[in-house]
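# Would you be able to build a 3D model of this:
(2 chains)
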Protein chains: 2
Amino acid sequence: MIHPVRVALVGLGNVGRAFLDLMISKADVLADRYGLSLVLTGAADSSGAVMDAAGIDPMALASHKARGGNAGNFLIGVPGMHACKLVAQVEADLLLEASPVNLQTGQPGLDCVRTAIGRGMGVVLANKGPLVHAFGELTAAAAAAGVGLAYSATVCGALPVVNIGQRDLGACDIRSVAGIFNATSNSILAAMARGGSYEQALRQAQLDGVAEADPSLDVEGWDTANKLVIIANSILRQPATLADVQPVVGITSITAEQIRAGAAQGQVVKLVARAERTEDAPDLTGPEDLSGLSRYRLSVQPAWLPTDDFLASVSGWEMGIVFDTDIMGLQQLKVDERGPLPTAAAMLRDVINMIGDK
Amino acid sequence: MIHPVRVALVGLGNVGRAFLDLMISKADVLADRYGLSLVLTGAADSSGAVMDAAGIDPMALASHKARGGNAGNFLIGVPGMHACKLVAQVEADLLLEASPVNLQTGQPGLDCVRTAIGRGMGVVLANKGPLVHAFGELTAAAAAAGVGLAYSATVCGALPVVNIGQRDLGACDIRSVAGIFNATSNSILAAMARGGSYEQALRQAQLDGVAEADPSLDVEGWDTANKLVIIANSILRQPATLADVQPVVGITSITAEQIRAGAAQGQVVKLVARAERTEDAPDLTGPEDLSGLSRYRLSVQPAWLPTDDFLASVSGWEMGIVFDTDIMGLQQLKVDERGPLPTAAAMLRDVINMIGDK
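Next up, the predicted model:
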């Protein structure tokens, strides 16, 4: 028996469109492995929104977007209709939020998520903004409403960092976390190591469609810091916002000369996010650990690593993470993924797990 | 509010005793993070069993075992009482099965698991034997009975290989799996690379208490093959038994000379498990993939790898795995863990997730 799940998708950029593609290419897998059928009942982008309780054809919408169209001018779409208005009205079981990160306010994703939870909809996020701004509020609201809130797509794309940390390492005392969370920065550093300046490497990444026209979120460390904030809240049980990550230093000051000099000494530079116990942290073997008081120092900055370090092996397009734990050893994970598809696939994973848990 | 969960533990070897330790050391974490309190209502080893609905003190039982005692002569223990008889009578919500692997029959673990499922108990396995012999039977029985059956401890200890494969990569088409699953063999190879014969390295591992007196399960590849069979069944959806793993070749024929010669060519030898598509596999983009017909060639044998290969970096005490997927990139994971504690911690993880899912 196939269980239809009605989804509303906010954000039709690269990730949102990749999700539309997966709705087609993985329809048989969803039906055969999970008994699920996803029905798109609403979609919104910055232009407007389209809503149809009978179901919108994901392939037709993806083609329309690929041809330069948008949600507002697609079939019965409503130009100028705000995403939050769609969420307030759409007949859907789940909100899938894949709109761009807004570092300043988390909007409009944040209000969309609030509205969805208020209506009893489950929420799957690829957009980090709402979590970075209101992690505690949103998780509490979702718990109170008895709806799912999943965001495994927000950290390292398809590498299930959040799921592993929350679910698999849940009983651990995590001593430290270190990771490389931004593939654009990592690939620029790799290009510089092969020769060339930061400016040349960035320009090539932009020509390749990899770095944004405004690359500051990536190269100045804020994307990495966003992911670290989500890890702190969701895995380390430490309420944190971007202001708690200090410093946040990107890769823009690194020179080709420094990379060459480092290489001569067997060292490689990486943009590394770290969560480390503060020296004045409460005794973590005692009950203090259990009252949510554990404290980690959060930072994002370039680090010089010996070439045989695991994070040094996280090369080019890879992202990776190291969890040092008390009872589950040292766990080191990395993923080599390209383009938006794996992030969309992580959203699909969250949908499956959320519905499967019911 | 604390939810008491009654558990019966079969097997009081290294892993079972480490679980008893975790019941003490993680009691506060379980209560504070999950609202759980584990109550040991029964325990069995090869000598007999002890049962007390009011609860057995895990620390006292662990101390008794450490002093050379056993379940049969502990307090109200019954010498000679068979583990399956305990499982048939004990008042418990969960069976925790950590008895030694029986390659030939999977017994007595297999009958204990059958009995537990028949009584409506959830089952958490560290023992691979029952799964290798009767994966399909046991998963079907658990599903029919509506009880949990979890076994994340059976593959790579605390590294959540099974959970990632089943839950996080569930919508993927997995193209191949390759892994290093036996830390004893891997550490013997590492010792040989540092100099010394296979015999010397094995003897030292035995003196260190790492290799068993009868090391054949580890060094002849069968432990690795067991884990591959569990991966095939649980992640690759391919019914398989040990007979389907061909070849199974261990490390006993590898010489120090070969390792030296390989190193001179930039290669390192590892005992590698692989699941690879057979050439006559059905078209995996079509519906054949979805009917459980996907076919992988399963093998365990030494492989020479370039030193910059990820599996080559899985060194000494580490275990690791590589998943090559269609929509979630290439995921590479490894764990550095020592002793039985992380495997016991994986059982605890399964308990938490099983109860938490209810």
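# Show me what from the stretch 251-358 of chain A comes close to chain B.
Within the stretch 251-358 of chain A, the residues that sit near chain B (CB under 8 Å from any CB of the partner chain) are A:287, A:289-291, A:310, A:313, A:325, A:327-338, A:341-342, A:345-346, A:348-349, A:352-353, A:357. Where C-beta positions appear, they are placed from N, C-alpha and C, glycine not excepted.
# buried subset of the residues you listed?
A:289-290, A:310, A:313, A:325, A:327-337, A:341-342, A:345-346, A:348-349, A:352-353 (16 or more other CB atoms under 10 Å in any protein chain shown).
# Return, as residue ranges, the portions of chain A with sub-threshold pLDDT.
Within chain A, the segments meeting pLDDT under 70 span A:279-294, A:357-358.
# May I have the phi/psi pair for the residue sitting nearest the centre point of it?
The geometric centre of chain A, computed from its C-alpha atoms, lies nearest to residue A:154 (CA atoms, centre = their mean), at 1.3 Å. In terms of degrees, to the nearest 10, the main-chain angles of residue A:154 are phi -80, psi -20.
# Would you check how far apart it and chain B are?
14 Å (CB to the nearest CB, to the nearest Å).
# Find the nearest non-adjacent residue to that residue, please.
residue A:128 (4.7 Å; CB to CB, 6 or more residues apart in numbering or on different chains).
# How about the backbone phi and psi for that neighbour?
According to degrees, to the nearest 10, residue A:128 has phi -80, psi -20.
# what sits against it?
A:101, A:151, A:154, A:223, A:226, A:227, A:230 (CB atoms under 8 Å, 6 or more residues apart in numbering or on different chains).
# Buried ones among the residues you listed?
A:101, A:151, A:154, A:223, A:226, A:227, A:230.
# unless I'm mixing things up, the second one is touching residue A:125, no?
Translated: residue A:151. Yes: counting by CB atoms under 8 Å, residue A:151 does reach residue A:125; the two are 4.2 Å apart.
# Common neighbours of the two, please.
Going by CB under 8 Å, 6+ apart, residues that sit against residue A:151 and also against residue A:125 are residue A:131.
# hmm, stretch A:23-41 touching chain B?
Yes: with CB under 8 Å from any CB as the criterion, chain B is reached by stretch A:23-41 at A:26, A:28, A:29, A:30, A:31, A:32, A:33, A:34.
# can I assume the fourth one sits in a helix?
What it means is residue A:30. Yes: Residue A:30 forms part of a helix when assessed by DSSP: H, G, I helix; E, B strand; the rest coil.
# Distance check, the nearest residue to it once chain neighbours are set aside against residue A:124.
Distance criterion CB to CB, 6+ apart; nearest residue to residue A:30, sequence neighbours excluded, is residue A:36 at 4.4 Å. Per CB to CB, to the nearest Å, residue A:36 is found 13 Å from residue A:124.
# could you check the distance from residue A:229 over to chain B?
21 Å.
# go on, residue A:66?
19 Å.
# burial of that residue, as a residue count?
9 (other CB atoms under 10 Å in any protein chain shown).
# Equivalent analysis for the one 5 residues further on, please.
Number of residues near residue A:71 (other CB under 10 Å) recorded here: 31.
# OK, contacts around the residue lying closest to it once chain neighbours are set aside?
Once flanking residues are discounted, residue A:71 sits nearest to residue A:45: 4.6 Å by CB to CB, 6+ apart. By CB under 8 Å, 6+ apart, the contact set of residue A:45 is A:10, A:11, A:12, A:13, A:16, A:65, A:70, A:71, A:72, A:83, A:99.
# try 6 Å
By CB atoms under 6 Å, 6 or more residues apart in numbering or on different chains, the residues touching residue A:45 are A:12, A:70, A:71.
# Mind putting those into CSV with secondary structure and distance to residue A:147?
Shown next, in CSV, are these (DSSP: H, G, I helix; E, B strand; the rest coil; distance: CB to CB, whole Å):
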residue, secondary structure, distance to residue A:147
A:12, coil, 24
A:70, coil, 29
A:71, coil, 24
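# quick check, nearest of those to chain B?
For the contacts of residue A:45, the minimum distance to chain B (CB to the nearest CB) is 18.9 Å, reached by residue A:12.
# Please name the bridge partners of the residue nearest to that closest one when sequence neighbours are not counted.
Nearest non-adjacent residue to residue A:12, counting by CB to CB, 6+ apart: residue A:45, 4.1 Å away. Legend: beta-bridge partners of residue A:45 under DSSP bridges are residue A:48.
# For residue A:45, give its distance to residue A:7.
From residue A:45 to residue A:7 the distance is 15 Å (CB to CB).
# Next: residue A:164.
25 Å.
# now swap in residue A:64 and tell me
From residue A:64 over to residue A:7 (counting by CB to CB), the distance is 18 Å.
# Next, the buried residues of stretch A:270-279.
A:270, A:271, A:272, A:273, A:274, A:275, A:277.
# mind listing what the first one touches?
Think residue A:270. Residue A:270 neighbours (CB under 6 Å, 6+ apart): A:180, A:303, A:305, A:311.
# now residue A:126
A:15, A:98, A:153, A:343, A:347.
# could you dump those to CSV with secondary structure, distance to residue A:57 and neighbour count?
As requested, those are exported to CSV (DSSP: H, G, I helix; E, B strand; the rest coil; distance: CB to CB, whole Å; neighbours: other CB atoms under 10 Å in any protein chain shown):
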residue, secondary structure, distance to residue A:57, neighbour count
A:15, helix, 19, 26
A:98, coil, 19, 26
A:153, helix, 24, 29
A:343, helix, 23, 22
A:347, helix, 19, 29
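# Make a markdown table out of the residues you listed and add distance to residue A:132.
Compiled in a markdown table, the contacts of residue A:126 are given as follows (distance: CB to CB, whole Å):
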| residue | distance to residue A:132 |
| --- | --- |
| A:15 | 17 |
| A:98 | 15 |
| A:153 | 14 |
| A:343 | 16 |
| A:347 | 18 |
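# What's the local residue count around the closest residue to chain B within the stretch 1-150 of chain A?
Nearest residue of the stretch 1-150 of chain A to chain B: residue A:32, at 3.6 Å (CB to the nearest CB). Residue A:32: 15 surrounding residues under other CB under 10 Å.
# what do you get for residue A:30?
24.
# could you measure it against residue B:323, distance?
20 Å.
# With residue A:259 instead?
Going from residue A:259 to residue B:323 by CB to CB gives 31 Å.
# what about those two, which has more around it?
Taking neighbours as other CB under 10 Å, residue A:259 and residue B:323 compare with residue B:323 leading, 26 against 22.
# which SSE is that one in?
Residue B:323 is part of strand B:318-325, with elements assigned from DSSP states H and E.
# Check which element follows that strand along the chain.
strand B:330-336.
# Counting by contacts, list what that following strand packs against.
strand A:330-336, strand B:318-325 (3 or more CB pairs under 6 Å, 6 or more residues apart in numbering or on different chains; DSSP states H and E).
# now the helices for the stretch 51-200 of chain A?
A:58-66, A:83-89, A:109-118, A:129-145, A:161-163, A:183-193, A:198-207 (DSSP state H, counting those that start in this stretch).
# most packed of those helices?
Using mean count of other CB atoms under 10 Å in any protein chain shown, the stretch among those with the largest mean neighbour count is helix A:161-163, at a mean of 25.
# Widest-spaced pair of the contacts of residue A:128?
A:151 and A:223 (14.7 Å; CB to CB).
# thinking again about what came up before, contacting residues for the residue nearest to the centre of chain A?
Contacts of residue A:154 (CB under 6 Å, 6+ apart): A:125, A:128, A:230.
# switch to 10 Å and redo it
Contacts here follow CB atoms under 10 Å, 6 or more residues apart in numbering or on different chains; on that basis residue A:154 touches A:97, A:101, A:125-132, A:161-162, A:226-227, A:230-231, A:234, A:343, A:346-347, A:350.
# likewise residue A:344?
A:14-23, A:96, A:98, A:126, A:153, A:157-158, B:327.
# Over to residue A:11?
A:17, A:19, A:43-46, A:71, A:83, A:96-100, A:108-109, A:112, A:126-127.
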